[in-house]
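Trainee: Take this sequence and fold it.
(chains A and B)
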Amino acid sequence: MLSFTSQRLAVALSVALTVSIVAFLLLHLSGDLATAIAGPEATAAQIAEIRHQFGLDRPMTLQYLDWLWRALHFDFGNSFYYRDTVTSLVASRMPVTMTLGAISLMLALVIAIPLGVLAAVYSGTIVDRLALGFCVLGQAVPAFCLGLGLIIVFAVHLHWLPVSGTASWKNYIMPSVALGWYAVPAVMRLSRNGMLEVLSSDYIRTARAKGLRPTVVILKHALRNAIIPVVALAAVQFGFMLGGSIVIEAVFNMQGLGYLAWEAIARNDFPVVQAVVLILAVIYVALTFLADVANAFLDPRIRLA
Amino acid sequence: MALLEVDNLAVDIPLSDGVLHAVSGVSFSLERGETLAIVGESGSGKSMTSLALMNLLPKRAVRRADRLLFDGIDLVTAPEARMRALRGNRMAMIFQEPMTSLNPSYTIGNQLGEALRCHRPVAPAAARDRAVQLLEKVGIPAAARRLNQYPHQLSGGLRQRVMIAMALMCGPDLIIADEPTTALDVTIQAQILHLLADLKKEFGMAMILISHDLGVVARVADKVAVMYAGRVVESAGAQSLFRSPRHPYTRGLLNCIPVPGRTAPGSPLGAIPGQLPNLIGPQHGCAFRERCAFAAPECAGDIPLVVTEPGHLARCVRIDALEAAA
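Mentor: Numbers count the residues shown, from 1 in each chain, chains lettered A, B, ... in the order given. Down below sits the predicted model:
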């Protein structure tokens, strides 16, 4: 288990490092930074001054190492647009996005896994076909469409839920449904296929031959094995959701990381874009690592290999 | 009263291109302490027969029988809850594939204990004791330590021993072993067979041994039923069957086994030409006639089970021709 974990950790760290290089280069490939910071009316002397002041005249490698060192200390510099540090901007927006992502993922799993299990247990019946239909619908409707539809029905017409913002828990309901909806089909299909495969395996026949109840056979013997690939998928989906929340946060006007990224891209606020890209990537890498560890915990063949 | 009475058992599987008659007209009875071997090649319906007894057939399969009595309990009409109470408790099964028949995610101890605890209200510690005791009985060294291991940490031979111990947890009256040695090395095969024979004697169980290997069967069976294309073509006491086989198919199978002293080195082993007939759609006449050296026009008609001597039955109309040739 220890060697497995350290192996995975090494992989995760090297991926994170690669992403950091890309994020760093992103800033420099998008044009001359000194010109961007100085603004359209700056003279050549002012630009040179800024270039020196921000250390942009140093070799690229040195700039990267310096940037990485500061990034590791959560110092991403100042926003070009806001009179604030990138770190405090990100820190103030992070909770909204994480809460949204976590609720969405929970919602998606709570709907998709039981649905997948039911579809597998009753495969070929009307239950299976209904679940599949639900799944196709989920794939066909983009998250922002669903979001707008939810707003029209539940906020505008029924007045049950607030239209936008992050004031209370009620504000999170519609965005979570819209964002989680996106993950349901993939998770459901994987649970269904995993369950179908496991249900036809020899050890399920053994479990039935023991005289175990169907619920024990399905929940203890089948689901435990079918859920293993779902864990990895859930981590990946959570990463996608953090990305997808850019759209959803814009639709529901939520002051989260996604909204911040959207604003920053629109305003050429590069340090913010850079920080958001790096942070989301690192979270994604961390999730993948945690999924590997969770898999090892669930599957003794990985753990004890 | 016999422990198990099977009369005219059939298993049909509806497929898109017709009904597959996997098992038809299978009858036998089994006393306590007796071992019945069901022999046949792959696809002859022997595994389907055993799954039909446990009512563990695939969802689509349809089981029919004039009579299916286990210790006086009618298995044909028994509701699922009643069957569940019998399964693993009074009738237990050992499967062909020890490598895949144990759940990879749970320890040996968990899977053994569960077999007992789903039928008896015993404490986990008591189930554990029983598991250790049985693992020792089936010849697993350091039994207590094995309980915390996972299936992938055990060899195929050990896993099959675990499967046997698991089948014994509740002290069943009937044990059905479906090709228990097929997936194992030859040296391990003999050990497992001896173990099964010893355990059967010690616990006074009846056993149904499913096998395609007549050599295996000769060592442990009291009675043998030879299956071909879903039907029992010959059934007899083991001695009678091996001494004087009455069905051309049984003869063919016996010719496939090399005999020390009689089969010269390098000489070709017997083989039965052709392959199993298609079992989809209505079946007429003897299913073996396409591959049979003694086939005659009457083989296409109805073939009754003929009593050739007390307790020895053969489903063949050409027994006389067979005897004349021998």
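Trainee: Now for the residue most central in space within chain A: which residues touch it?
Mentor: Nearest to the geometric centre of chain A sits A:Gly239, at 2.1 Å (CA atoms, centre = their mean). Going by CB atoms under 8 Å, 6 or more residues apart in numbering or on different chains, A:Gly239 touches A:280, A:283-284, A:287-288. For the C-beta atoms, the positions are set from N, CA and C on the backbone; glycine is no exception.
Trainee: what's the closest of those residues to chain B?
Mentor: Chain B has its nearest neighbour among those in A:Thr288, at 21.9 Å by CB to the nearest CB.
Trainee: ranges for the helices of chain B?
Mentor: Applying DSSP state H to chain B gives helices spanning B:46-54, B:80-86, B:108-117, B:124-137, B:143-146, B:156-168, B:186-203, B:214-220, B:238-243, B:248-255, B:319-325.
Trainee: CA-only coordinates of the fourth one in PDB, if you can.
Mentor: Presented in PDB, the C-alpha positions along helix B:124-137 are these (Å, rounded to 0.1, in the frame of the first residue of the first chain):
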ATOM      1  CA  PRO B 124     -19.100 -14.000  14.500                       C
ATOM      2  CA  ALA B 125     -16.600 -15.700  16.800                       C
ATOM      3  CA  ALA B 126     -18.400 -19.000  16.500                       C
ATOM      4  CA  ALA B 127     -18.600 -18.700  12.800                       C
ATOM      5  CA  ARG B 128     -14.900 -18.000  12.800                       C
ATOM      6  CA  ASP B 129     -14.100 -21.100  14.900                       C
ATOM      7  CA  ARG B 130     -16.200 -23.200  12.500                       C
ATOM      8  CA  ALA B 131     -14.300 -21.700   9.600                       C
ATOM      9  CA  VAL B 132     -10.900 -22.500  11.100                       C
ATOM     10  CA  GLN B 133     -12.000 -26.000  12.000                       C
ATOM     11  CA  LEU B 134     -13.200 -26.700   8.400                       C
ATOM     12  CA  LEU B 135     -10.200 -25.100   6.700                       C
ATOM     13  CA  GLU B 136      -8.000 -27.500   8.800                       C
ATOM     14  CA  LYS B 137     -10.300 -30.300   7.800                       C
END
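Trainee: Please list the residues of chain A that sit near chain B.
Mentor: Applying CB under 8 Å from any CB of the partner chain, one finds that chain A approaches chain B through A:201-203, A:205-213, A:216, A:221, A:224-225, A:298-301, A:304.
Trainee: Inside helices: which ones of the residues you listed?
Mentor: Checking those against DSSP H, those in helices are A:202-203, A:205-209, A:216, A:224-225, A:298, A:300-301.
Trainee: Can you name the residues that contact residue 207?
Mentor: If you meant another chain, say so; for now it's chain A. A:216-217, A:220-221, B:103.
Trainee: could you do chain B instead?
Mentor: B:34-36, B:174-177, B:196, B:200, B:220.
Trainee: Also B:Gly237?
Mentor: B:Gly237 touches B:222-224, B:311-312, counting by CB under 8 Å, 6+ apart.
Trainee: now with 10 Å?
Mentor: B:Gly237 is in contact with B:221-224, B:243, B:309-312, counting by CB atoms under 10 Å, 6 or more residues apart in numbering or on different chains.
Trainee: re earlier: including neighbour count and distance to A:Val117, could the contacts of A:Ala207 go into a markdown table?
Mentor: Below are those laid out as a markdown table (neighbours: other CB atoms under 10 Å in any protein chain shown; distance: CB to CB, whole Å):
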| residue | neighbour count | distance to A:Val117 |
| --- | --- | --- |
| A:Val216 | 16 | 14 |
| A:Val217 | 20 | 12 |
| A:Lys220 | 18 | 13 |
| A:His221 | 25 | 13 |
| B:Asn103 | 24 | 17 |
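Trainee: Dump those to a markdown table, plus distance to A:Asn268 and pLDDT.
Mentor: What follows is the contacts of A:Ala207, written out as a markdown table (distance: CB to CB, whole Å; pLDDT from 0 to 100):
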| residue | distance to A:Asn268 | pLDDT |
| --- | --- | --- |
| A:Val216 | 59 | 92 |
| A:Val217 | 59 | 92 |
| A:Lys220 | 56 | 91 |
| A:His221 | 56 | 92 |
| B:Asn103 | 57 | 93 |
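Trainee: which among the residues you listed gets closest to A:Thr87?
Mentor: Relative to A:Thr87, the closest of the contacts of A:Ala207 is A:Lys220; by CB to CB it sits at 46.7 Å.
Trainee: re earlier: pull out the buried residues from the contacts of B:Gly237.
Mentor: B:221-224, B:312 (16 or more other CB atoms under 10 Å in any protein chain shown).
Trainee: can you tell me which of the residues you listed lies nearest to B:Leu75?
Mentor: If you rank the buried ones among the contacts of B:Gly237 by distance to B:Leu75 using CB to CB, B:Lys223 comes first, at 20.0 Å.
Trainee: so what's the closest one closest to, chain neighbours aside?
Mentor: B:Leu36 (4.7 Å; CB to CB, 6 or more residues apart in numbering or on different chains).
Trainee: so where's chain B uncertain?
Mentor: Scanning chain B with the threshold set as pLDDT under 70 gives B:326.
Trainee: centroid residue for it?
Mentor: Nearest to the geometric centre of chain B sits B:Ile210, at 2.1 Å (CA atoms, centre = their mean).
Trainee: so who does it touch?
Mentor: B:36-40, B:46-47, B:49-50, B:93-96, B:176-180, B:182, B:217, B:227.
Trainee: go again using 6 Å as the cut-off
Mentor: B:38, B:46, B:50, B:178-179 (CB atoms under 6 Å, 6 or more residues apart in numbering or on different chains).
Trainee: Pull out the buried residues from stretch B:213-221.
Mentor: Buried, per 16+ other CB under 10 Å, within stretch B:213-221: B:213-214, B:216-218, B:220-221.
Trainee: List buried members of the residues of chain A next to chain B by neighbour count.
Mentor: A:201-203, A:205-212, A:216, A:221, A:224-225, A:298-300.
Trainee: Of the helices of chain B, give the one that comes closest to A:Gln139.
Mentor: Here helix B:80-86 is closest among the helices of chain B (CB to CB), at 37.2 Å.
Trainee: ok, which stretches of the stretch 101-250 of chain A are strands?
Mentor: For the stretch 101-250 of chain A, applying DSSP state E, counting those that start in this stretch gives no strands.
Trainee: the helices in it, which residues?
Mentor: For the stretch 101-250 of chain A, helices defined by DSSP state H, counting those that start in this stretch occupy the ranges A:126-140, A:143-150, A:170-181, A:184-199, A:202-209, A:214-216, A:224-251.
Trainee: Taking helix A:143-150 as reference, get the angle to the third one.
Mentor: Going back to what we said before, that points to helix A:170-181. With axes from the mean of the first three to the mean of the last three CA atoms, to 10 degrees as the basis, helix A:170-181 and helix A:143-150 are set at 140 degrees to each other.
Trainee: what's helix A:170-181 in contact with?
Mentor: Counting by CB under 6 Å, 6+ apart, A:100, A:103-104, A:107-108, A:138, A:143, A:146-147, A:150, A:161-162, A:165, A:241, A:244, A:248, A:252 sit against helix A:170-181.
Trainee: Flag every buried residue along it.
Mentor: For helix A:170-181, a neighbour-count test (16+ other CB under 10 Å) marks A:171-181 as buried.
Trainee: Next: the fourth one.
Mentor: Applying a neighbour-count criterion of 16+ other CB under 10 Å, one finds A:184-192, A:194-196, A:198-199 buried in helix A:184-199.
Trainee: Tell me the one among the residues you listed nearest to chain B.
Mentor: Using CB to the nearest CB, those come closest to chain B at A:Val198, 9.5 Å.
Trainee: for the closest one, what are its contacts?
Mentor: Contacts for A:Val198 (CB under 6 Å, 6+ apart) come out as A:222, A:225-226.
Trainee: For these, give me JSON lines that also has pLDDT.
Mentor: Shown next, in JSON lines, are the contacts of A:Val198 (pLDDT from 0 to 100):
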{"residue": "A:Ala222", "pLDDT": "93"}
{"residue": "A:Asn225", "pLDDT": "89"}
{"residue": "A:Ala226", "pLDDT": "90"}
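Trainee: Alright, that wraps it up for me.
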